[in-house]
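> Sequence and computational prediction follow.
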Amino acid sequence: LKLSRGDRKIVLIAGGVFLLIVTVSFIFAKGSGPNDEVPSTYSTGSGGAKAAYLLLKASGYGVQRWEDSLRDLPDPEGKTLVLAAPEGSPTTEERKKLGQFIENGGRVIATGVYAGFFLPADGAAPDPFGGTTWEKLSAQSPSAITRAAPEITLVPEAHWRTSTFAVPLYGDGEKQRVVKYKMGKGEVIWWASATPLTNAGLKERGNLEFFLACVGEAKDRQVLWDEYFHGYRRSLADSVERSPL
C-alpha cells in the first residue's frame, strides 16, 4: 500500500494499541473465569467444587458460601466449615477464632498443606514427589467415615506428621493422608488434598460417600464453605481483583 508517512504512523499506533488491549484482556481474563482449578464453589473446572456445593444443596443441607473473615464465624453448634485448599494465611485473630469455633462444637474439614496454618494443631507437611498423580487409599482405622468409604482416591500432595497426634483414617504405607482429631466439643478432619470434593474427584469410587460422611448428617448440619481465602471477599478491592473487568 502506498501510505504517506503520517498514515503509516497512525497505522502503527493503532496496531500497538490493539495489541496492548488484547494482551491486557488475556492477562485479566486468565484465572478469573468459572473454570479455575481452585476448589471453589464458583468453579466448574475439573479442580473446582461447584458440583459438590450443588450436591449438598440438593441433598437437603443448609449450605452457604462464607465470604467473611473467620473472625465473624457464627455459633458453631451443628456447623461444618469447609476450608478447601485455602490460599494465603490467617491472622492471629482469625486463627484464634477458628480454634474457639472448634472447641465449642464446630467441625472443620481442612484440605492441603497450607490448611495446616489455620489449625490449632498443625501436622501437615508437603509431599512434592507424591502430589503428581491420583492414588487410591485404604482405610487405616475403624470409624463412621471409613465404614462409609473403605477406599478413596486423592492426590497425595501432603502427609500428616506422626509426631502431631491425630487418628489416621486413610494412608499409604507409613504416610497418613487423612486424619481426624478432637478438640473440645468439636473436631478437625484433615485431607492431604481437596481431590475428593472436586468436580473430577467426586466421581471416583468412594469419594462421594467419604465427603458426605465427613460433612455429617444433613438433618442436623449446616455447612459453611469458605470462599474468603479463595479471594471472594466483600471488600471493594477484592471484588475488583476477582472481576473480569
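Right, received. Where do you want to start?
> Quick check: longest helix in the protein by residues?
In the chain, taking DSSP state H as the definition, the longest helix is helix 5-29.
> Give the next helix or strand downstream of that helix.
Next along the chain after helix 5-29, taking DSSP states H and E as the criterion, comes helix 50-58.
> Neighbouring strands of the next helix or strand after that following helix in the sheet, and parallel or not?
Per DSSP H and E, the first helix or strand lying C-terminal to helix 50-58 is strand 62-66. According to DSSP bridges, strand 62-66 forms sheet pairs with strand 222-226 (parallel).
> Check the model's average confidence along the partner strand for me.
Across strand 222-226, the average pLDDT comes to 97.
> how far out from the middle of the chain is it?
12 Å (CA atoms, centre = their mean, to the nearest Å).
> and what of stretch 40-52?
10 Å.
> how about low-confidence regions in the chain?
1, 26-36, 130-131, 235-245 (pLDDT under 70).
> Would you mark the buried spots in the longest strand along the chain?
Longest strand in the chain, counting residues (DSSP state E): strand 175-183. Neighbour counts over strand 175-183 (16 or more other CB atoms under 10 Å) mark K175, Q176, R177, V178, V179, K180, Y181, M183 as buried. The C-beta positions use only the backbone N, C-alpha and C, and glycine is treated the same way.
> What lies in contact with that strand?
Identification of contacts with strand 175-183 by CB atoms under 8 Å, 6 or more residues apart in numbering yields 99, 102-103, 120-121, 123, 127, 130, 137, 140, 143, 145, 152, 154, 156, 158-160, 162, 165-171, 187-192.
> just stretch 7-26 next, same as before
Counting by CB under 8 Å, 6+ apart, L3 sit against stretch 7-26.
> and K2, how many neighbours does it have?
A total of 4 residues lie near K2 under the criterion other CB atoms under 10 Å.
> same thing with the one 3 residues further on?
Other residues within reach of R5 by the criterion other CB under 10 Å amount to 6.
> which ones are touching the residue nearest the centre of the chain?
Closest to where the C-alpha atoms of the chain average out (CA atoms, centre = their mean) is A84, at 1.9 Å. Going by CB under 8 Å, 6+ apart, A84 touches P39, S40, A49, I109, T111, G112, A194, L197, W225, D226.
> Quick check: bridge partners of it?
Going by DSSP bridges, A84 forms beta bridges with T111.
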